[in-house]
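[1] Fold the following, please.
(one chain, ligands or ions: 2)
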Amino acid sequence: MRGEGRLLIVRFPTKTASNNEREEFNDIVQKNVKDCYQCLKCSSGCPLTAHMDYYPHQVMLLAKMGLFDQIFESKTLWVCASCLACSSRCPRDLEPAKIMEGFRTMILRDRDQGNVEILDTRKVPRQALIASMRKFRR
Ligand code: SF4
Ligand code: SF4
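    Ligands and ions are numbered 1, 2, ... in the order given. Below is the predicted model of the structure:
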């Protein structure tokens, strides 16, 4: 795995997702993130970990713990190019790419509040730009 990633530090008490957020997430992804057993296969197959603050398996762990706010603030969601490599490797069929898409969808539904901000497009990987065009297309 390339890149430094981010050491997953969780301080308690920490705000966890509301029931509404959990319901919305479950409606979108139709997956039980609690089935993730942190084998890291998703992260070891991801071509973009060098540009992520949280690796895919860490996003899964945060989702499992209900720490949605940390995921919403992560740039990993927007670096992900939806290449599906992680999904093809997951032994639990959890489709991490779909989980990422689910969180992006939740942010985009809420984007009127200014949650999405691109600071410098020159630093965005080409794959992410192409994936973004798909994501933002109406
Ligand atoms: S490959 Fe699947 S089970 Fe393994 S850490 Fe990633 S999401 Fe969890
Ligand atoms: S879909 Fe996203 S998280 Fe999964 S391997 Fe591709 S870039 Fe990485």
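[2] Can you report phi and psi for Asn32?
    Per-residue torsions, Asn32: phi -100, psi 100 (degrees, to the nearest 10).
[3] Cys36 and Asp93 touch, don't they?
    No. Using CB atoms under 8 Å, Cys36 is not in contact with Asp93; the gap is 10.8 Å. All C-beta spots, glycine's among them, are computed from the backbone N, C-alpha and C.
[4] who's more crowded, those two?
    Cys36 (20 against 8; other CB atoms under 10 Å).
[5] Could I get the contacting residues of the more buried one?
    Applying CB atoms under 8 Å, 6 or more residues apart in numbering to Cys36 gives the contacts 57, 60-61, 63-64, 92, 94.
[6] go again using 6 Å as the cut-off
    60, 64, 94 (CB atoms under 6 Å, 6 or more residues apart in numbering).
[7] Nearest residue to it in space, please, no chain neighbours.
    Of all residues not flanking Cys36 in the chain, Met60 sits nearest, at 4.4 Å (CB to CB, 6 or more residues apart in numbering).
[8] Break down this structure into its helices, ranges please.
    Secondary structure of the chain by DSSP state H: the helices cover 19-29, 41-45, 56-65, 68-72, 76-79, 85-89, 96-109, 126-136.
[9] wait, doesn't His51 sit right on Val79?
    Yes. Taking CB atoms under 6 Å as the definition, His51 is a contact partner of Val79 at 4.6 Å.
[10] Give me the buried positions along stretch 85-96.
    85-87, 89-90, 92, 94-96 (16 or more other CB atoms under 10 Å).
[11] Closest one of those residues to ligand 1?
    Comparing the buried residues of stretch 85-96 against ligand 1 with CB to the nearest ligand atom places Cys90 closest, at 3.3 Å.
[12] per-residue confidence for the residue nearest to the spatial centre of the chain?
    The residue lying closest to the centre of the chain (CA atoms, centre = their mean) is Met100, at 3.6 Å. If you check Met100, the pLDDT there is 94.
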